[in-house]
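S.K.: compute the structure for the input listed below.
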Amino acid sequence: MKHLVLALGLTVSLGASQCVEELAIDAFSETNQGRWFANSKFAQDAEHGWILDVVVPPNTQVAGYGLNIKDLFPKIAEWDELLFDYRVTMPCEWFGIKIIDKPLADGWQATWRLNLPANADKEWQTAVINVHTPMWRWGDGPSDGRQIYFRAQNPGETTMRIRVTNFRLRRKNLFCTLDESLKWTGKKTELNIKFDSRLDHAVKVAVTPYPEDGVSFSQAEYVASVPARGETTVRIPVSLAESVKGMQPLTLKAKVEEVAEGRRNELDHLMINTVTPIPPYPSPMLFVTPEGFKQMQVRIDTMPGCKDAWNEIKQSADSWLSRKPKYPDRGAQWWHWYSCKKCGVSLKTKSATQHVCPVCNEVYSGWPYDDVVLSRTHDGLARDIQRLGLVYQLTKDPRYAEKAREIAMGYAERYLDYPLHDIHGKPRKGGGRVHPQTLDESIWLILMVQGLDCIKDTLTQEDIDFLEEKMLLPAALMIKDHQWGIHNICCWQASAYGLVGFFLNRADLIHPAIFGPKGFIAQCEQGITDDGQWYERAWGYHFYTVNALKPLAIAIQNTGIVKLPDKLKAMYDAPIKFVTPTEQLPAFHDSGRVAFSFRGMSRDYENAYAWWKDPKHGFIVAQGKRNDQNTLLFGVTDLEMNRPDFQSENYADTGVVVMRSQSDKLKPKNIPSNYIALDYGEHGGGHGHPDKLNFVLYGHNQIIAEDPGCIAYGNPAHGGWYRQTLSHNTLVVNGKSQAPATGQCLAFAQSDNAAICVTEAGPIYPGVVAYRALAMVGDVVLDAMWTAADSSRDFEYPFHARGILETNAKAETTATPEGDGYQWATDWKILEKLPEYNFLWTQDNLKLASTLKMIGDDNEMRTAIGLGNPPTVKPPFILAKVKGKQALFAQAMAILTAKDKAEYPALAVNQKRNTIQLKAEFGSSTFQIDIAIQNQEASAKLVHQANGKLVNVLNAQ
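M.R.: Numbering: from 1, shown residues only. Here you go, the predicted structure:
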């Protein structure tokens, strides 16, 4: 794309000394050092004199150094900028400043994080803080205190030095602002430059635009006078040549100069980055095109399920024709607050002010619970606008459009009166007005705009202008301003402001939403792994992201603005690869077990099949009832179907090994009956759990050993148990949870109902290496967890499984061990010491028989009851412990039917230096794995014999 540059030279006729005022603050001299917090240290610098000079120790989560500014600083809100000089050891995790000085930020902690240059530790830098635009407002509430507070984080292994000096306050007496909200009529717009003066006399300004190729102006210079302590706006018509294409980057620049008595002094630079305009797209097209509505009518007439879906939508729309909208008097709150603090389960809504735990019957009332349920009303109104729009387009009955307009205009009348608030009720960036997050605001806005697009042909220009000014544009800009990178939330944000851009014909919103560094294409290319899973590696967030990308994908497909990325299709392919025998997806990281029944997911694959015609997607679509809105919108009658091939596989980019086998005791179904998923990959960002080498086990089409996933984030058990290593089936060292890490698969092989792998955990603990080998053959699983350290440690191996737990060892009640998450488990018991342990977990329809051995100098075995998902499920778990510099936990497991006798595998373990051998005998079969690990390389061999005859040999490299 050609990059157009529009440069504007602005001249201002006043003295430079009158335009900018600067005040130095003596905060570092010996006289004022007593104003600083006690942990603050000072030193003499040859260039700057007295400076703040502090050292932040390694592994420091947060360090702070504060200054009481009462009677030292004037009111900071009366100034524009705070400046100071600094040097900081690099690399630096986090360094910034907080200011508490009411009325600045209404008394909240106005907070900024500095973007540090690479040479910040070698040369003095100057920070310029715009005091009226904090990045965040922190704190528990407004304060009347007056403080400046430097904040630092140093999670690394080296010390961090911070030096600060030379506070200055600065303010301008002449302000020049370039309005970024450009309204285009065809290829013409108006550039508005507003001047505000604090001076006691009038000043003259001259604006000289400099045309570039394709850009022209009606005159060479624009002159205006700014009155004393007043304001004026210079309006510059801008025209683009017919040859300039739409959706091209366009940079508008403005240079401000002082001109007085023949002299000029540069005062400021202004610049906005936008894009060239595009012709308006016809409506409707954000949700359904005119041709799409014709196809919908055909589906209603020919597909019984679509007739049912249409009747449901129309009945909902009909119910609005005789009633008026009722809007909540405030914005909603965070759904993650809506759980019982004792039981961890979601609350049930009894009334607007009564919210009941279904387990213990505790009743919650007041904030935030009363506000949480308001989201149902807010989102319901937005969805009703969408439904009314659909019905209007299919019936052309103006009553439906009029009602949708009434609801939307009512929201626009009150939208800006809803206070900005976050999940803590504070007016912070990232919060919303209708909802407590820009995330939820985006979802609400998407539904709203999809519906408005369906009735756009009935709206007057005055209606559209009112909706734009009072609701759509403020919401879109607030959401866009909070978009930070590649993340599931940012996908919702891009869809929201992108759809607003299409509706308002604003290329400056459409372009970044699709083509920008945080837009649709970047999210797909950077956020989706080569295996098709979303990078946060939590299946709940995978589908959450699919749904976030979908609204903008529909608009992109309908407009043809760009081809949908191949990786978007991969997101629909990925769950098929990872699906469990229970037609779910494992609860890795911040996710519950995600339902993926082919019948239930059919509706989510209607649009996928319509877009790509993949027979695997057609197979899933065909399993459903096809009686939902998605079928109505996208349903294809003649489906090409192909049953997916479910095999064991190492998905290297996702970092998960999937093993599958079919029990010879069960009749085969679509998916093999036994399943393992082992997680060795990337941590998963903010939604990752400290669970490297954790695995889940399914047998005989049921869940056996689970990952508890997550519950409501606002519940204390979420952080206390669900996000701790102990709650997972992996290694714990010294009672502490693992550090975020990325492991690797060193060897993998599969064939003939068998699979084997060797994985390595990465740097989960300082000075510790950890490896895990797993093998599955039919109903038998072999598991070897080997770890070593540079000094003696307490190595623990928890294994959680559903059912009633029995063991061959005597047990005594014992105290709860110390460690991360241990206090959340109950019924702790310590078992007698045995050379090997037998464990039996019994469920209604199956059993898991296990033989476990520990190789190490000193060992213990405990059992306890943990928390599952939902928290009402209480899986018993074992906790094997070895003290020393290395440990090996070896386990052989057999999946049995409920009728089978409780037979335990006979297990022999042999370890020599870097080789491990596990040999298990079960029934008439022998299973042996030989593992060799050397210098981050591994090999493994699996041998299966039955009745003395060789059945299978697998060699993994």
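S.K.: only C-alpha atoms for contact and neighbour calcs from this point on.
M.R.: Will do.
S.K.: beta-bridge partners for residue 881, please?
M.R.: Going by DSSP bridges, residue 881 is paired in beta bridges with residue 796, residue 860.
S.K.: so where do the helices sit in the stretch 551-700 of the chain?
M.R.: Under the criterion DSSP state H, counting those that start in this stretch, the stretch 551-700 of the chain contains helices at 566-578, 598-601, 606-612, 615-622, 629-634.
S.K.: got a markdown table for the ones you listed, with mean neighbour count, distance to residue 52 and mean pLDDT too?
M.R.: What follows is the helices of the stretch 551-700 of the chain, written out as a markdown table (neighbours: other Cα atoms under 10 Å; distance: least, Cα to Cα, whole Å; pLDDT from 0 to 100):
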| stretch | mean neighbour count | distance to residue 52 | mean pLDDT |
| --- | --- | --- | --- |
| helix 566-578 | 20 | 51 | 97 |
| helix 598-601 | 17 | 60 | 92 |
| helix 606-612 | 19 | 59 | 98 |
| helix 615-622 | 23 | 63 | 96 |
| helix 629-634 | 22 | 62 | 97 |
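S.K.: domain ranges for this protein?
M.R.: Using automatic domain parsing, the domains assigned to the chain come out as 4-17+174-275, 20-172, 339-372, 649-740+760-900.
S.K.: between the two ends of the third one, how far is it?
M.R.: I take that to be domain 339-372. Taking Cα to Cα, to the nearest Å, domain 339-372 runs 11 Å from one end to the other.
S.K.: cool, stretch 83-98 as well?
M.R.: 13 Å.
S.K.: that older thread, would TSV of the helices of the stretch 551-700 of the chain with distance to residue 839 be doable?
M.R.: Shown next, in TSV, are the helices of the stretch 551-700 of the chain (distance: least, Cα to Cα, whole Å):
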stretch	distance to residue 839
helix 566-578	28
helix 598-601	35
helix 606-612	45
helix 615-622	39
helix 629-634	48
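S.K.: how about those, which one is nearest residue 322?
M.R.: Of all the helices of the stretch 551-700 of the chain, it is helix 629-634 that lies closest to residue 322, at 24.0 Å by Cα to Cα.
S.K.: sorry, back to before: deepest of the domains of the chain, which one?
M.R.: For the domains of the chain, the largest average neighbour count (mean count of other Cα atoms under 10 Å) is found in domain 649-740+760-900, namely a mean of 21.
S.K.: and the helices of the stretch 551-700 of the chain: which comes nearest residue 797?
M.R.: The nearest among the helices of the stretch 551-700 of the chain, by Cα to Cα, is helix 566-578 at 25.3 Å.
S.K.: got the contact list for that closest one?
M.R.: For helix 566-578, contacts defined as Cα atoms under 8 Å, 6 or more residues apart in numbering pick out 524-525, 528, 530-534, 542, 546, 585, 596, 605, 608, 612, 617, 644, 646, 658.
S.K.: now stretch 805-825
M.R.: Defining contact as Cα under 8 Å, 6+ apart, one finds that stretch 805-825 is touched by 717, 720-721, 724-727, 734-737, 826-834, 837-842, 864-867, 876.
S.K.: so how far is that stretch from its chain's centroid?
M.R.: From the chain centre to the centre of stretch 805-825 is a distance of 35 Å (Cα atoms, centre = their mean, to the nearest Å).
S.K.: tell me the mean pLDDT over that stretch?
M.R.: The predicted model assigns stretch 805-825 a mean pLDDT of 97.
S.K.: report pLDDT for the residue of the chain positioned farthest from its centre.
M.R.: Most distant from the centre of the chain: residue 261, at 57.1 Å, with distances by Cα atoms, centre = their mean. On pLDDT, residue 261 comes in at 74.
S.K.: for residue 176, see how far away it is.
M.R.: Per Cα to Cα, residue 261 is found 21 Å from residue 176.
S.K.: now residue 520
M.R.: Plainly put, residue 520 is 34 Å away from residue 176 if you go by Cα to Cα.
S.K.: again, but for residue 676
M.R.: 63 Å.
S.K.: now swap in residue 936 and tell me
M.R.: 61 Å.
S.K.: got it, and residue 835?
M.R.: For residue 835, the distance to residue 176 under the criterion Cα to Cα works out to 81 Å.
S.K.: hang on, residue 629 packs against residue 307?
M.R.: No - using Cα atoms under 8 Å, residue 629 is not in contact with residue 307; the gap is 10.1 Å.
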